[in-house]
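Chemist: Next comes the sequence, and after it the predicted model I'd like to discuss.
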Amino acid sequence: MGDTVRILLVDDDPSLAELAATVLEREDDRFSVETVAGAGEGLAFLADHEVDCVVSDYDMPGRDGIAFLEAVRADYPDLPFLLFTGKGSEAVASEAISAGVTDYLRKESTTSQYAVLANRIGNAVEQYRARRAIEDAERKLSRIAENTNDVLFLFDGDWSELLFVNSAYEAIWGRPIDTLREDSRSFLDAVHPDDRERVRRSMERLSNGAEDEMEYRVIRPDGERRWVRAETKPVFDGETVSRIVGFVRDITDRKRRERELERTSDLLEKTERIADVGGWELDTDTRDVFWTDHLFELLGYDEVPSLEEALSVYHEDDRPAVERAVEAALDYGDSFDMEVRARRPDGEIRWLRVQGVPTVEDGTVVTLRGAVQDITDRKERERDLEQARAEYEELINGMNDTAWVIGPDHTFLTVNDAAVETLGYSKAELRSMRPHDIDAGLDDEEITALIEGMPEDEVQVFETVHETKSGETFPVEISSSIISYRGETAVLCIGRDISSRKEREEQLAEFASVASHDLRNPLTIAQGRLELAREDCDSDHLDEVERAHRRMSALITDLLSLANDGERIGETEPVDLDAFARCCWDHVVTAEATLVVDLDRTIRADRSRLRQLFENLMRNAIEHGGADVTVAVGGFEDGFFVEDDGDGITETQRERALESGYSTVEDGTGFGLSIVEQVADAHGWDVRVTEGADGGARFEITGLERAD
């Protein structure tokens, strides 16, 4: 790797970028480093300059290193890309590997790290250039193979595997290519015994890195001898011979072979240009038909048919059209391209695309060449898609909720009858509109973000307001998901009118507010009277009254939480569960209870609602486990748990534990665990009640969105 290595270094810190560039160029005098400050500048630089390697930071403003990597891979799939970052984690490394990063290196505080980075760059560029050299050789070989009469071949470095050989091998050697693929050295069996040892020594020299040319004799299975000339070269991957490439030319009957190979090459060339499938040729003088091997396999025949036999393979309903097309091509030089059915000898019906192109010389059609492509699978897919589309249309039209499908340009591809009836537009009108045109609750940017940010494997649910053609508005809950519609990716949306639910929620909130006011005022008076009563007398009955007051206060608080918060959450944020659990414990009357926390995890949650969940679980443990209970908070793969060492919950109690109003203690409200389930549902989590390690109650919360 003696040439200059052009490196693009992307880092938003100019001082670090300049330091890295300086040290790298000192580490290797072949390195020429250009620096830019961000992903956008990097992409612009790549568009105007050729580089050998990209080195990028991860944590950059705007587009981060992974996003930059994905953008680079879109246009430069093989270009070496090293992620050199100070903010590393297993998650970042995994994401980088998935995006196709070449290498991943953590930034250190010393300049010695640049020696490692320089070595990684050198290795990556060396491998990149080696691959390009191999690919270039293979491309050149393929181009040559299309226009030569010689045997072109490509073996691995020790001749143990045949990577490529063209059909001229069978013509010269008289042996099948399949045999050569099974035993890559079997071509030696046909070499004359007096020449075989020389050929073996030549193969050894090539594997050791030397070029070679030689002539030797080949004995065909029918005993005919042919002289051939071989010119062969090794291809290197670094200092190792990775490929052996070359050609063999028949020098025995060159003119005869040139005529045969010209016809074969010309037929294959035109077949490839037309359809890249099975080819056929009709000689207009003799009316003889020639088929390629693949066409025999496709149609299921073993022998070359006559023109009449060839036409008879087509379905009786399609045969007249094929016959007319062939006659027009022969008489007038008209080309044809048609989709028809053919019947194989075993009775199977296949759909075919049949093409024909006449060759005209001096106004006369001399040959008719064409291609046949099996399109049965495509026809079946088209039929299945049409059937699925019809069933899909029938399904969504049977819904009471409004439904529509949004295409890539954000317009409605289809809408159901309920949408027409509810919104007041015709189907034709709606198909020319977008969700933006009927949504009165979200602005255009928010709607676009929802459509373009659709998760692939999840249902996206949100609330908004729709406006009818007459201007009336009503609240809706939209459930949307990604589907395949007519072979394209689209978004299916189901809209449910939630006017009645909104009215109930408002009525419930109003009731809760009034009830809270009407209940708290008498309770406050009762609590004040109780304090005065304690001054007048000392009675155990007063303790019972105070306990009843506390229970009433807790009931009011829980009822308000259930009524006002419901299954809603506010904005989520990263929450350190270890510190958060300890903080919640400090807000609970814990008596002599003990808290044990082992939960090194950060999740995304509504902090206020999460506090309700933890405090209710902790109070539940103290209420049921006793004043000296030990409460443990810990984590597992996709969630966390809160458990105690109390008496536990029976199987029957577990089934009802989360029900509103259910309690197994005399002064419990029965709403605490219901609030826990409500908070979990609002976040999309699951709650499971089971037995703890010490026989107490254990509550497992799963389905969390981790933020660490």
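Modeler: Looks like it arrived, so ask away. Numbering: from 1, shown residues only.

Chemist: Pretty sure E170 sits against I177.
Modeler: Yes. If you go by CB atoms under 8 Å, E170 and I177 touch, sitting 6.0 Å apart. C-beta: built from backbone N, CA, C; applies to glycine.

Chemist: Next up, phi/psi of the closest residue to V125 other than its chain neighbours, please.
Modeler: Closest residue in space to V125, ignoring its immediate chain neighbours: D52 at 4.8 Å, by CB to CB, 6 or more residues apart in numbering. Backbone torsions of D52, given as degrees, to the nearest 10, read phi -100, psi -20.

Chemist: ok, D52 to T4 distance?
Modeler: 8 Å (CB to CB, to the nearest Å).

Chemist: who's more crowded, the two?
Modeler: D52 (22 against 11; other CB atoms under 10 Å).

Chemist: And that one, how far from L79?
Modeler: Distance from D52 to L79, by CB to CB: 8 Å.

Chemist: Identify the contacts common to those two.
Modeler: Y128 (CB atoms under 8 Å, 6 or more residues apart in numbering).

Chemist: Could you list the low-pLDDT ranges of the stretch 551-700 of the chain?
Modeler: 551-570, 652-672 (pLDDT under 70).

Chemist: Walking through it, point out its strands one by one.
Modeler: Per DSSP state E, counting those that start in this stretch, the stretch 551-700 of the chain carries strands over the ranges 573-576, 594-598, 602-605, 630-636, 639-644, 686-691, 697-702.

Chemist: and D318, which of the ones you listed is closest to it?
Modeler: Nearest to D318, of all the strands of the stretch 551-700 of the chain, is strand 686-691, at 58.3 Å by CB to CB.

Chemist: tell me which residues in the closest one are buried?
Modeler: The neighbour-count check on strand 686-691 (16 or more other CB atoms under 10 Å) flags V687, V689 as buried.

Chemist: tell me the angle of it relative to strand 639-644?
Modeler: If you take axes from the mean of the first three to the mean of the last three CA atoms, to 10 degrees, strand 686-691 sits at 40 degrees to strand 639-644.

Chemist: Name the strands paired with strand 686-691 and say parallel or antiparallel.
Modeler: strand 697-702 (antiparallel) (DSSP bridges).

Chemist: buried ones in stretch 100-117?
Modeler: V101, T102, D103, Y104, L105, K107, Q113, Y114, L117.

Chemist: Can you report how many residues lie near S160?
Modeler: Neighbour count for S160, taken as other CB under 10 Å: 10.

Chemist: next one: R226
Modeler: Neighbour tally, R226, other CB under 10 Å: 19.

Chemist: and if you look at G38?
Modeler: Neighbours of G38 using other CB under 10 Å come to 18.

Chemist: repeat for the one 3 residues further on
Modeler: Using other CB under 10 Å, the number of residues around E41 comes to 14.

Chemist: residues touching the nearest residue to it once chain neighbours are set aside, list them.
Modeler: Closest residue to E41 apart from its sequence neighbours, by CB to CB, 6+ apart: V10 at 7.5 Å. Going by CB under 8 Å, 6+ apart, V10 touches 17, 35-39, 41-42, 54-57, 60, 65, 68.

Chemist: Out of the residues you listed, which comes closest to F296?
Modeler: Using CB to CB, these come closest to F296 at V54, 49.8 Å.

Chemist: Name the residues that touch the strand or helix carrying the closest one?
Modeler: Using DSSP states H and E, V54 sits within strand 53-56. By CB under 8 Å, 6+ apart, the list of residues contacting strand 53-56 from outside reads 5-11, 20, 39, 42, 46, 65, 68-69, 72, 79-84, 117, 121, 124-125, 128.

Chemist: Could you look up the next helix or strand downstream of it?
Modeler: helix 65-75.

Chemist: Verify the stated contact: the residue nearest to V125 with D28.
Modeler: No. Counting by CB under 8 Å, D52 sits too far from D28 to count as a contact (12.0 Å).

Chemist: Mind listing the shared neighbours of these two?
Modeler: With CB under 8 Å, 6+ apart as the test, D52 and D28 both reach V5.

Chemist: Listing request: residues of the stretch 401-550 of the chain with sub-threshold pLDDT.
Modeler: Residues of the stretch 401-550 of the chain meeting the criterion pLDDT under 70: 504-523, 526-527, 529-530, 545-550.

Chemist: no no, the stretch 1-150 of the chain
Modeler: Along the stretch 1-150 of the chain, the parts satisfying pLDDT under 70 run over 1-2, 88, 141-142, 144-147.

Chemist: at 90 what do you get?
Modeler: For the stretch 1-150 of the chain, residues meeting the criterion pLDDT under 90 lie at 1-3, 13-17, 19-20, 27-28, 58-63, 65, 84-100, 103-114, 129-150.

Chemist: Next up, the contacts around the residue nearest to T411 when sequence neighbours are not counted.
Modeler: Excluding the flanking residues, the one nearest T411 by CB to CB, 6+ apart is R434, at 5.4 Å. By CB under 8 Å, 6+ apart, the contact list for R434 reads I406, H410, T411, F412.

Chemist: Could you check how far R434 is from R389?
Modeler: Taking CB to CB, one finds R434 at 21 Å from R389.

Chemist: Ok, V55 next?
Modeler: 49 Å.

Chemist: Kindly report the same for E691.
Modeler: Taken as CB to CB, the span from E691 to R389 is 52 Å.

Chemist: Can you tell me which of the contacts of strand 53-56 end up in strands?
Modeler: Within the contacts of strand 53-56, membership in strands is found for V5, R6, I7, L8, L9, V10, F81, L82, L83, F84, as judged by DSSP state E.

Chemist: right, and the third one touches R30 too?
Modeler: What that stands for is I7. No. Taking CB under 8 Å as the definition, I7 is not a contact partner of R30, at 9.9 Å.

Chemist: what about those two, which has more around it?
Modeler: I7 (26 against 17).

Chemist: Domain-wise, how is the chain divided?
Modeler: 5-134, 148-252, 258-374, 380-497, 501-563, 566-702 (automatic domain parsing).

Chemist: Nearest to K140, out of those?
Modeler: Here domain 148-252 is closest among these (CB to CB), at 9.0 Å.

Chemist: in stretch 246-256, what counts as buried?
Modeler: Across stretch 246-256, burial judged by 16+ other CB under 10 Å covers G246, F247, V248, R249, D250.

Chemist: Pick the one among these closest to W159.
Modeler: Closest approach between those and W159, by CB to CB: G246, at 11.6 Å.

Chemist: Narrow the buried residues of stretch 100-117 to those in helices?
Modeler: Residues of these located in helices (DSSP state H): Q113, Y114, L117.

Chemist: and which of those is nearest R698?
Modeler: Proximity of those to R698 (CB to CB) peaks at Q113, which lies at 46.8 Å.

Chemist: show me what contacts the closest residue to that closest one other than its chain neighbours?
Modeler: Leaving out its chain neighbours, the residue that sits closest to Q113 by CB to CB, 6+ apart is K107, at 6.7 Å. K107 makes contact with F84, T85, G86, Q113, according to CB under 8 Å, 6+ apart.
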